[in-house]
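Asks: with the sequence up front, the predicted model follows.
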Amino acid sequence: MPDPAAAPEGRHPVSASVVFVAGTGTEVGKTWAAAGLARLLKDSGLAVAACKPVQSYDPDTDGPTDAEALAAATGQDPDAVCPPMCSYPVPLAPPMAAGKLGKVCPTLDEMAADCRFAATVDVGLVEGVGGLYSPIAPDGHNLDLIERLDPDLVVVVASADLGGIHDTMACTLPLSGFPRAVFCNRFDPRTEIHGLNVRWLRDTGLEVATSLAELTEIVCAHGARPPRGDG
Ligand SMILES: Nc1ncnc2c1ncn2[C@@H]1O[C@H](COP(=O)(O)OP(=O)(O)OP(=O)(O)O)[C@@H](O)[C@H]1O
Ligand SMILES: [Mg+2]
């Protein structure tokens, strides 16, 4: 299978099904979910690429960057997932982290122009930063980038714990104009509140996945193209 990111045109013409992975907040599990989703989609025969338009992180914390974690799942080079010039080792929102480093953070329009996938890619995963209203560019939040990208699906990664309903509703209502689904990360069917909260959210009409397998089914139902086989 061709490496979707290897070609220099790796972020050009759009034919991939684009899934934006947003979250109710930082550390809720966007990268974990996106990487797991990428692996399952690849296992089903689809070509998957990821894009982290900008990233910021604490350089004193162990572990892979988001771009490294996503690249490990898709097989891309981490620099193809997030260009080095858009990676800021400062634990602040990206536009603030860039400012602190004296770097220029791309604008929403520049970011949207770069979040494109090669024609060989079936599913392009774009991971946002922080929560839906976290600053992602000097001129806007994740929601503003979603509006520019007009993805085929927005996945809101959320918690099924106490408070999870509020956070989920607060982040899905502004997305009512988009196909959207919720991934309740760390869902434990033995935890009563998890089951009750998921039922409540489903009763509001939201599509809610509680496992990566369910999330993969939802993504495929929202337009992931079938694997290319006989050309
Ligand atoms: N379901 C899970 N099972 C085990 N570990 C998890 C799970 N979800 C998240 N984690 C771990 O929790 C930490 C935070 O998750 P993750 O990095 O995916 O959050 P994030 O929303 O992408 O954060 P950021 O806002 O920094 O991008 C990571 O160490 C990740 O590996
Ligand atoms: Mg992340």
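Replies: Everything's here; your move. Numbers count the residues shown, from 1 in each chain. Ligands and ions are numbered 1, 2, ... in the order given.
Asks: how long is stretch 98-108 from one end to the other?
Replies: In stretch 98-108, first residue to last residue: 14 Å (Cα to Cα, to the nearest Å).
Asks: what does stretch 132-151 give?
Replies: End-to-end distance of stretch 132-151: 15 Å, with Cα to Cα as the criterion.
Asks: same check, this time on stretch 175-185
Replies: Stretch 175-185 end-to-end distance (Cα to Cα) = 19 Å.
Asks: quick one: buried residues of it?
Replies: Of all the residues in stretch 175-185, those buried under the rule 16 or more other Cβ atoms under 10 Å are Leu175, Phe178, Pro179, Arg180, Ala181, Val182, Phe183, Cys184, Asn185. The way it works is simple: take the backbone N, C-alpha and C, and place the C-beta from them, glycine included.
Asks: please narrow those to those residing in helices.
Replies: Nothing among the buried residues of stretch 175-185 maps onto helices, per DSSP state H.
Asks: nearest to ligand 1 among those residues?
Replies: Minimum separation from ligand 1 among the buried residues of stretch 175-185 (Cβ to the nearest ligand atom) is found for Asn185, which lies at 5.0 Å.
Asks: ok, how many other residues are close to the closest residue to the closest one other than its chain neighbours?
Replies: In this structure, Asn185 finds its nearest non-sequential neighbour in Gly29, 3.7 Å apart by Cβ to Cβ, 6 or more residues apart in numbering. Here the count is done by other Cβ atoms under 10 Å, and Gly29 has 20 residues near it.
Asks: what do you get for Gly130?
Replies: The local packing of Gly130 (other Cβ under 10 Å) involves 21 other residues.
Asks: before we move on, what about Asp144?
Replies: If you count neighbours by other Cβ under 10 Å, Asp144 ends up with 17.
Asks: same deal with the one 10 residues further on?
Replies: Applying the criterion other Cβ under 10 Å, we find 26 residues in the vicinity of Val154.
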